[in-house]
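J.: Predicted structure and sequence below. I'll ask about it afterward.
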Amino acid sequence: MINGCQLVFLLPLKALPFACADRVYYEGIRYSKGAFGRLLVLMSQWFAPTKLVVTFEQEGQGRFTEEQIAQLVERDASGRVVGMRLPQRAVMIANHQVYADWWYAWSLTYYMGTYADVFIVLKESLKWLPILGWGMRFFNFIFLKRSWASDRFHLSSSLSWLGRRAEKQDSPLTFILYPEGTLVSKDTKPLSKKFADKIGIPDMLYSLLPRSTGLHYSLRSLAPRIPSLHLIDITMTYPGIPPFGYGQSYYTLRSIFMDRVPPPAIHMHIRCFDVAKDVPIGDISSTNPDVLPKTSPEDHVQEVDIPEKERETFELWLRDLWREKDKLISKYLETGSMVDGGRPQVEIPLRLRRTREVLDAFCFFMPVAVFWAWWKFR
């Protein structure tokens with residue numbers, strides 16, 4: 001129904017030669033994406049009840065105190081968490097254990113207030129899926145061919161456009177990316193080990209070696225256009241998965257939402273980095289934020305042509321970040337928490353803030369309801 005309304009009511013606006021029509025189109029797309037974000041939370045609330053257990057850390061400051069967390073978390077009169085004051089323009093990365101990871105990451109953005117401005121990278125074949133693929137194209141998701149020679153220009157150009165638009169319109173932006181590229185599984189873990197052996201380093205224990213290229217290009221494309229850009233790093237763990245077990249063997253989309261056996265909690269340890277100060281993305285001082293990268297290798301700008309030394313520095317930084325994730329996951333497996341005992345954590349039941357938001361989640365059924373009522377009572 002969301003995609004049907006996009007096709008019938010929003011797409012025709014693209015053909016109108018008026019600036020106001022273009023604004024209405026993009027606001028309509030944002031509203032439809034926000035409805036989908038609410039729908040994700042509502043499906044958890046109704047069919048797979050669970051909660052987010054969140055702990056925080058700031059680069060250079062360490063684990064947060066109760067006073068610092070109180071400033072980050074917004075509660076209603078009953079004390080229930082209804083919002084989190086996290087960066088509104090950020091690249092969000094996480095380890096990848098189960099297919100539902102993206103579901104819970106998007107649900108987190110509901111409490112951040114950026115759920116209508118989420119963008120994801122997907123393989124290009126998905127954009128041709130009927131309904132789902134069409135809807136993701138309306139959402140301005142980025143589709144890649146898995147051929148880096150051509151993908152890097154398309155990725156850089158697409159993100160540069162999104163970043164410039166977010167800064168110009170003063171709107172949020174959350175770009176979700178999984179540097180591992182795929183799930184940790186019995187099939188992918190040997191490949192990670194083989195790659196680690198090839199470059200002469202130890203493999204990760206509970207995750208895959210992260211691939212830095214896509215994230216590096218993404219940050220270099222967005223940072224010149226969004227001076228306040230942050231990197232939100234999430235370490236995710238699920239109860240009930242034994243050491244060296246594979247999450248997808250315990251929690252699948254079918255088991256969570258069809259068999260209604262969700263994880264009792266999703267543990268998220270969040271670290272925030274100021275990209276300009278804390279992340280070694282290299283020298284982007286000569287990049288003109290008003291100029292978008294071209295989509296051909298013959299005509300490109302600096303963010304798609306990274307010096308080897310800067311690539312290596314960023315790769316080492318990301319790999320160290322992933323080793324810290326391994327330590328956090330190991331600590332969770334030993335103690336049931338990724339932080340020391342007594343450290344504050346925030347529990348957020350996955351549910352809509354207000355009952356009336358159910359209408360927002362299902363608003364796109366209204367045309368059908370009106371048609372049905374007209375047909376019934378005509």
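T.: Great, that's in hand. Numbering: from 1, shown residues only.
J.: so residue 272 is in which element?
T.: Using DSSP states H and E, residue 272 sits in strand 266-274.
J.: So in that sheet, which strands flank that strand, and in what orientation?
T.: Strand pairing for strand 266-274, using DSSP bridges, gives strand 51-58 (parallel), strand 230-237 (antiparallel).
J.: C-terminal to it, what's the next element?
T.: helix 275-278.
J.: So which elements touch that following helix?
T.: On a contact count with 3 or more C-beta pairs under 8 Å, 6 or more residues apart in numbering; DSSP states H and E, helix 275-278 meets strand 230-237. Heads up, the C-betas are built off the backbone N, CA and C, glycines and all.
J.: now do 6 Å
T.: Where contact means 3 or more C-beta pairs under 6 Å, 6 or more residues apart in numbering; DSSP states H and E, helix 275-278 is not packed against any helix or strand.
J.: That helix - what's its average pLDDT?
T.: On average, the pLDDT along helix 275-278 is 95.
J.: residues making contact with it?
T.: 59, 219, 223, 229, 231 (C-beta atoms under 6 Å, 6 or more residues apart in numbering).
J.: Output the residues you listed in a markdown table, with distance to residue 7 and neighbour count appended to each entry.
T.: Listed next are the contacts of helix 275-278 as a markdown table, based on distance: C-beta to C-beta, whole Å; neighbours: other C-beta atoms under 10 Å:
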| residue | distance to residue 7 | neighbour count |
| --- | --- | --- |
| 59 | 44 | 15 |
| 219 | 34 | 25 |
| 223 | 35 | 23 |
| 229 | 33 | 25 |
| 231 | 35 | 24 |
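J.: any idea which of these is least confident?
T.: Scoring the contacts of helix 275-278 by pLDDT puts residue 59 last, at 62.
J.: coming back round to it: could you identify which of the strands paired with strand 266-274 is most buried?
T.: strand 230-237 (a mean of 23; mean count of other C-beta atoms under 10 Å).
J.: after that one, next one along is what?
T.: That would be, after strand 230-237 and using DSSP H and E, helix 253.
J.: picking that back up, only alpha carbons, please: show the strand holding residue 272 as PDB.
T.: C-alpha atoms of strand 266-274 as PDB (Å, rounded to 0.1, in the frame of the first residue of the first chain):
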ATOM      1  CA  ILE A 266      18.900  -6.800  21.800                       C
ATOM      2  CA  HIS A 267      22.000  -5.500  23.600                       C
ATOM      3  CA  MET A 268      23.500  -2.500  21.900                       C
ATOM      4  CA  HIS A 269      26.800  -0.800  23.000                       C
ATOM      5  CA  ILE A 270      26.900   2.600  21.200                       C
ATOM      6  CA  ARG A 271      30.100   4.600  20.500                       C
ATOM      7  CA  CYS A 272      29.900   8.000  18.900                       C
ATOM      8  CA  PHE A 273      32.800   9.500  16.900                       C
ATOM      9  CA  ASP A 274      33.100  13.000  15.500                       C
END
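J.: circling back to that earlier point, now for the contacts of helix 275-278: which two are most distant?
T.: 59 and 223 (15.7 Å; C-beta to C-beta).
J.: And the helices in the protein?
T.: Under the criterion DSSP state H, the chain contains helices at 2-5, 19-47, 66-72, 101-112, 132-138, 148-169, 188-199, 213-222, 253, 275-278, 308-335, 357-361, 366-377.
J.: The second one - contacts with which helices or strands?
T.: Looking back up the chat, that one is helix 19-47. Helix 19-47 packs on helix 101-112, helix 357-361, going by 3+ C-beta pairs under 6 Å, 6+ apart.
J.: just the fifth one next, same as before
T.: In terms of contacts (3+ C-beta pairs under 6 Å, 6+ apart), helix 132-138 is packed against no helix or strand at all.
J.: for the fourth one, same thing?
T.: Contact partners of helix 101-112 among helices and strands, from 3+ C-beta pairs under 6 Å, 6+ apart: helix 19-47, strand 81-84.
J.: how much does it deviate in direction from strand 51-58?
T.: 70 degrees (axes from the mean of the first three to the mean of the last three C-alpha atoms, to 10 degrees).
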